[in-house]
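Structure, please.
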Amino acid sequence: MQKKFLILFVSIFLTHFSQAQILPEREQSRVVDEILNERFNVLLPQLMERTGIDMWVIISREYNEDPVLKTMLPSTWLSARRTTMLVFYLDFKTKKLEKYAVARYNVGESIQAAWDMQKFPDQWDALMDIISKHSPQKIGLNVSKNFGHADGLDHTHHEIFMGKLPASLRSRVLSAEPLAVAWLESRTPREMQIYPQLVKVSHDIIAEAFSSKVITPGVTTSDDLVWWFRQKLSALGLSTWFHPSVAIQRNDTANFEHLRSFSNRPKDDVVRPGDLLHVDFGISYLRLNTDIQQHAYVLKPGEGDAPASIKKAFAVSNRLQDILTSQFKTGRTGNEMLLAAIKQAKSEGIVPSIYTHPLGLHGHAAGPTIGMWDMQQGVPGSGDYPLHPNTAYSIELNSSSFIPEWGKEIRIMLEEDGFFDGKTFRYIGGRQEKLLLVKYL
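Numbering: from 1, shown residues only. Here you go, the predicted model:
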């Protein structure tokens, strides 16, 4: 009887909150492991063949985990164990992928332990035996200048590895950056079935926060809203990969400043009628992440809508989104897309700032960086990385517009999550195309 009541309660709660079902922990674990097995067995061989790396060696120390390794651990592993070594070898002729864990135990169901501790008391000798037997042409290690995600091999382990590796194989060692980035940025069909649920939950939480249910003008502060977001996630059994932020633009003498909006903003700024609210918020669920920025206008007594000038400014940022996403073409670099979008935006009279980034297993993920707010001429390194199919992005940008009633410029800062399938770009769960309105009660 108690079990039936609990199931009914959970069902009613989730249905009331969102059509997207938030799975119990045990089911989340099952889904994560199913996705991981599919990524190993279907996606990884394709990526190794594409990058030409026939052996990928990942070495990581407990609590100093390689960012890539963390995405490969089974759901029940919260960290590496002692020194965890994974080896992936693809025979380009047979297309057969071999997976080894040079460890004391299996790493989940996909990677079997391959360390005979009686034959090789030294773990490194066991690793070298596997490498030598396969004699790979390219041995990829996670060292990278341009992507922190792909630079997870620590200095100590790199020195030991190169010292142990037979001299005849040392010339075959190279950076696994293209393979590591490809592994992190590539989204599978199963992941893209799940992603709309994450975006819907994120949108629903923002809509609730920016409503009279949560905001009482003259009482509620921006910091109250920040902690409301955190508490809401905790109550739902979700987590976030960054602390939310809430900023306010209003009819005053303060001018827009990036640092003020995102890091140096006043913490207890009281929300007033006539304010333009902005939130930067995201969730983490089933090892995927969202990153969303939206706006709301707080209605004054007697107002039924936001001022036309602010709505027009909002439409300009929507147009800037369209300009940027029209640049998405396979093979184009982040810098190429950035510069082309900025050029077109300026030709249309828009004052743009674009700082879009990949999204997926990390919030600020690996892949082509499309601008940074303080690097609008291009980003060396990560901005030179090309666009690939089946990748996700946070379309993050802003445009500046003059508001006559306020006698100053404002910035409409938007961020919505989207997917590029190789031919077209689409928003995963739609995008904000009109201001949320907070009624004055």
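
From here on, just use CA atoms for contacts and neighbour counts.
Will do.

With the flanking residues excluded, which residue is spatially nearest to residue 369?
Among residues not flanking residue 369 along the chain, residue 383 sits closest, at 4.6 Å (Cα to Cα, 6 or more residues apart in numbering).

tell me the SS of that neighbour?
Look at residue 383: counting by DSSP: H, G, I helix; E, B strand; the rest coil, its state is helix.

got the contact list for it?
Applying Cα atoms under 8 Å, 6 or more residues apart in numbering to residue 383 gives the contacts 333-335, 368-371.

do you know how far it is from residue 377?
10 Å (Cα to Cα, to the nearest Å).

So for the two, which residues contact both of them?
335, 371.

Show me the longest helix that occurs in the protein.
helix 189-209 (DSSP state H).

in that helix, what counts as buried?
Neighbour counts over helix 189-209 (16 or more other Cα atoms under 10 Å) mark 191, 195-203, 205-207, 209 as buried.

before we move on, what about stretch 116-129?
When burial is assessed from 16+ other Cα under 10 Å, stretch 116-129 yields the following buried residues: 123-127.

still on that earlier bit, what is the longest helix of the chain packed up against?
helix 222-236 (3 or more Cα pairs under 8 Å, 6 or more residues apart in numbering; DSSP states H and E).

Now do the helix it packs on, average pLDDT.
In this model, helix 222-236 has a mean pLDDT of 97.

Contacts for it, please.
The contact list for helix 222-236, computed with Cα under 8 Å, 6+ apart, reads 205, 209, 214-215, 239-240, 243-248, 267-271, 283.

So how do I select the buried members of those residues in ChimeraX?
Command for ChimeraX that selects the buried part of the contacts of helix 222-236, burial taken from 16+ other Cα under 10 Å:
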select :205,209,215,239,240,244,245,246,247,248,269,270,271,283
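
Just give me the residue closest to the centre of the protein.
Nearest residue to the geometric centre of the chain (Cα atoms, centre = their mean): residue 363, 2.5 Å.

Against residue 249, how distant is residue 433?
Using Cα to Cα, residue 433 is found at 19 Å from residue 249.

Give the residue from these two that has the larger number of neighbours.
residue 249 (19 against 13; other Cα atoms under 10 Å).

still on that earlier bit, now tabulate the buried residues of stretch 116-129 in TSV and tack on distance to residue 399 and pLDDT.
Converted to TSV, the buried residues of stretch 116-129 look like this (distance: Cα to Cα, whole Å; pLDDT from 0 to 100):
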residue	distance to residue 399	pLDDT
123	55	96
124	54	97
125	57	97
126	56	97
127	53	98
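
which one among those residues gets closest to residue 181?
Among the buried residues of stretch 116-129, residue 127 lies closest to residue 181 (Cα to Cα), at 23.7 Å.

Give me the phi and psi for the closest residue to residue 137 other than its chain neighbours.
Among residues not flanking residue 137 along the chain, residue 172 sits closest, at 6.0 Å (Cα to Cα, 6+ apart). Main-chain torsions, residue 172, degrees, to the nearest 10: phi -90, psi 0.

where's residue 172 relative to residue 384, distance?
Taking Cα to Cα, one finds residue 172 at 25 Å from residue 384.

Break down this protein into its helices, ranges please.
Using DSSP H, helices in the chain cover 2-17, 25-38, 44-51, 67-72, 123-134, 155-164, 177-185, 189-209, 222-236, 258-262, 308-325, 334-347.

now the ones you listed as JSON lines including distance to residue 59?
Shown next, in JSON lines, are the helices of the chain (distance: least, Cα to Cα, whole Å):
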{"stretch": "helix 2-17", "distance to residue 59": "40"}
{"stretch": "helix 25-38", "distance to residue 59": "19"}
{"stretch": "helix 44-51", "distance to residue 59": "17"}
{"stretch": "helix 67-72", "distance to residue 59": "8"}
{"stretch": "helix 123-134", "distance to residue 59": "10"}
{"stretch": "helix 155-164", "distance to residue 59": "7"}
{"stretch": "helix 177-185", "distance to residue 59": "13"}
{"stretch": "helix 189-209", "distance to residue 59": "26"}
{"stretch": "helix 222-236", "distance to residue 59": "33"}
{"stretch": "helix 258-262", "distance to residue 59": "36"}
{"stretch": "helix 308-325", "distance to residue 59": "37"}
{"stretch": "helix 334-347", "distance to residue 59": "30"}
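
Select, out of those, the one closest to residue 428.
In terms of Cα to Cα, the element of those nearest to residue 428 is helix 189-209, at 5.6 Å.

residues in contact with the closest one?
18, 20-21, 35, 214-215, 225, 228-229, 232, 279, 281-285, 288-290, 292, 294, 417, 428-429, 436.

And stretch 171-184, what's buried?
173-184.

CSV for those residues, including distance to residue 138 and pLDDT?
Output for the buried residues of stretch 171-184, formatted as CSV (distance: Cα to Cα, whole Å; pLDDT from 0 to 100):
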residue, distance to residue 138, pLDDT
173, 6, 98
174, 7, 98
175, 9, 98
176, 9, 98
177, 13, 98
178, 13, 98
179, 12, 98
180, 14, 98
181, 17, 98
182, 17, 98
183, 17, 98
184, 20, 98
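
now, which of those sits nearest residue 50?
residue 179 (8.4 Å).

Now do the closest one against residue 383, distance only.
17 Å.

And for residue 95?
To residue 383, residue 95 is 32 Å away according to Cα to Cα.

Residue 168 now?
35 Å.

Over to residue 89?
Distance from residue 89 to residue 383, by Cα to Cα: 30 Å.

that older thread, give me the mean pLDDT for the longest helix of the chain.
Mean predicted confidence for helix 189-209 is 97.

Pull the distance from it to the chain's centre.
In terms of Cα atoms, centre = their mean, to the nearest Å, the centre of helix 189-209 is found 13 Å from the chain centre.

Same check on stretch 163-182?
Relative to where its chain is centred, stretch 163-182 has its mean C-alpha point 27 Å off (Cα atoms, centre = their mean).

same thing with stretch 238-255?
Worked out by Cα atoms, centre = their mean, stretch 238-255 lies 20 Å from the chain centre.

who touches it?
222-223, 225-226, 229-230, 233, 256, 261-262, 265, 269, 271, 274-285, 289, 363, 405-410.

From start to finish, how long is it in a straight line?
35 Å.

which phi and psi does the residue nearest to the centre of the chain have?
phi -70, psi -60.

Now do the closest residue to it other than its chain neighbours: how many residues are near it, please.
Leaving aside its chain neighbours, residue 363 sits nearest to residue 289 (5.6 Å; criterion: Cα to Cα, 6+ apart). Number of residues near residue 289 (other Cα under 10 Å) recorded here: 23.

same check, this time on residue 25
For residue 25, using other Cα under 10 Å, the count is 11.

same check, this time on the one 3 residues further on
Burial of residue 28 is recorded as 16 neighbouring residues (other Cα under 10 Å).
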